[in-house]
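Chemist: Mind folding the following:
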Amino acid sequence: MYVGRGYGGKLAILGTEGRRFVRFLPDGSASGSNITLLLCQKGSADRVLSVMVSNSGRIRSAPADARQTANCAQLN
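Modeler: This next block holds a predicted model:
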């Protein structure tokens with residue numbers, strides 16, 4: 001799992017294993033495999049957002065499930 005940090009260590013972004021980057025093509029698609037990004041706020045395991053990006057470039061978000069929240073909690 002790839003972990004990126006931003007905003008002075010207050011936000012961690014966890015990406016799906018095997019896919020480290022999202023790159024959009026001129027037609028709006030995001031080639032490669034689907035990816036799920038978890039946006040984790042440091043010190044607050046109850047505020048985790050899951051963002052999914054499909055190959056077609058469709059983006060959707062949802063509250064993180066229990067397993068995803070636990071992954072973020074391990075970072076804090």
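
Chemist: for the lengthiest strand in the chain, packing partners?
Modeler: With secondary structure taken from DSSP state E, the chain has its longest strand at strand 44-53. If contacts are counted by 3 or more C-beta pairs under 8 Å, 6 or more residues apart in numbering; DSSP states H and E, strand 44-53 sits against strand 35-41, strand 59-63, helix 66-73. In this view, the C-beta of every residue, glycine as well, is placed from N, C-alpha and C.

Chemist: wait, what's in contact with the residue nearest to the spatial centre of the chain?
Modeler: Nearest to the mean C-alpha position of the chain, by C-alpha atoms, centre = their mean, lies Leu37 at 1.2 Å. Residues in contact with Leu37 (C-beta atoms under 8 Å, 6 or more residues apart in numbering) are Ile13, Leu14, Gly15, Thr16, Val22, Ser50, Val51, Met52, Val53.

Chemist: residues near the fifth one, how many?
Modeler: Spelled out, it's Val22. 15 (other C-beta atoms under 10 Å).

Chemist: close enough to count as contact, it and Ser33?
Modeler: No - using C-beta atoms under 8 Å as the test, Val22 is too far from Ser33 to be in contact (10.7 Å).

Chemist: I'd like the average pLDDT over stretch 41-48.
Modeler: Averaged across stretch 41-48, the pLDDT comes to 76.

Chemist: Give me the buried stretch members for it, please.
Modeler: Buried positions in stretch 41-48, judged by neighbour count with 16 or more other C-beta atoms under 10 Å: Gln41, Lys42, Ala45, Val48.

Chemist: Looking at these, which one is closest to Ala70?
Modeler: Nearest to Ala70 among the buried residues of stretch 41-48 is Ala45, at 7.9 Å by C-beta to C-beta.

Chemist: Just list whatever residues bridge to the residue nearest to Leu75 when sequence neighbours are not counted.
Modeler: Spatial nearest neighbour of Leu75, excluding adjacent residues (C-beta to C-beta, 6 or more residues apart in numbering): Ala12 at 5.0 Å. Beta-bridge partners for Ala12, by DSSP bridges, are Arg5, Cys40.

Chemist: With Leu38 as the reference, measure out to Ala12.
Modeler: 8 Å (C-beta to C-beta, to the nearest Å).
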